[in-house]
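*Asks:* Sequence first, then the predicted structure, then my questions.
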Amino acid sequence: MTDQDKLGLDAAYALKTPEDSKRLYADWAESYDNDFAVNHDYLLPKVVADLYAEQGGPAPVLDVGAGTGLCGAALAGHGIGPIDATDISQEMLDVAATKGIYRTLFTGDLTATLPVPDKSYAGIISSGTFTTGHVGPEAFDELLRITAPGGLLAISINKKHFASAGFEAKLAALSDRISDLALPERAFYGPNTTGPHKNDTGYIALFRRVRD
């Protein structure tokens, strides 16, 4: 197995624990934008940002699982801000910091509690984080904790795992805490990508936290 094989999509989908994620993305951070995002015609970060903006795009916004800042950069392109960033990988955040788009960047584990006060953000965006091996639907409770009443969330969810990993059931269970749920389906990759994941799609879960 080559070093690049160890850093590809199959490696990402094979993650099982937060420590696995830290190791993979520490190694992948410096090459991620070119070796993955550009070479795979990765559309998802812009798709999430565009849909968030179309819904009114309130700020301040927290980019959850921000990685190297692809989604945040797309959101900033809409003139939305301030934007903060959190990710489990400090190395990915170090790359994101060089782009000058975030007000604050901090490490955080969505399977635990984020170092953020209740109701801190008018909006949450997340691209590519809620999928198998990364973060499951149980983290929605934490995101709602830090979202202000009436706040908007735009979260990508891999279609393949939407039902089997419990995302569909979790959104249904949150019906008394969220409103205006929409689930547009979008392609993850553009026409220039190849390989077994080229046709991957997902839902962009758009919803608001119910006002207190």
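*Replies:* Received the coordinates, thanks.
*Asks:* what about A173, how many neighbours?
*Replies:* Residues lying near A173 (other Cβ atoms under 10 Å) number 13. Using the backbone N, CA and C atoms, a C-beta is placed for each residue, glycine as well.
*Asks:* Please determine how far it is located from F167.
*Replies:* A173 is 11 Å from F167, where distance means Cβ to Cβ, to the nearest Å.
*Asks:* Name the strands paired with the lengthiest strand in the chain and say parallel or antiparallel.
*Replies:* As assigned by DSSP state E, the longest strand anywhere in the chain is strand 147-158. According to DSSP bridges, strand 147-158 forms sheet pairs with strand 121-130 (parallel), strand 201-209 (antiparallel).
*Asks:* mind listing the strands for this structure?
*Replies:* Per DSSP E, the chain carries strands over the ranges 61-64, 83-87, 105-107, 121-130, 147-158, 178-182, 185-187, 201-209.
*Asks:* The last one - what's its average pLDDT?
*Replies:* The predicted model assigns strand 201-209 a mean pLDDT of 97.
*Asks:* Repeat that for the first one.
*Replies:* Averaging the model's pLDDT scores along strand 61-64 yields 98.
*Asks:* and that strand, what does it pack onto?
*Replies:* When contacts are defined as 3 or more Cβ pairs under 8 Å, 6 or more residues apart in numbering; DSSP states H and E, strand 61-64 packs onto helix 70-76, strand 83-87, strand 121-130.
*Asks:* tell me the contacts of the nearest residue to A76 once chain neighbours are set aside?
*Replies:* Spatial nearest neighbour of A76, chain neighbours left out: I101 (4.5 Å); criterion: Cβ to Cβ, 6 or more residues apart in numbering. Each residue near I101 by Cβ atoms under 8 Å, 6 or more residues apart in numbering is listed here: G69, G72, A73, A76, G81, I83.
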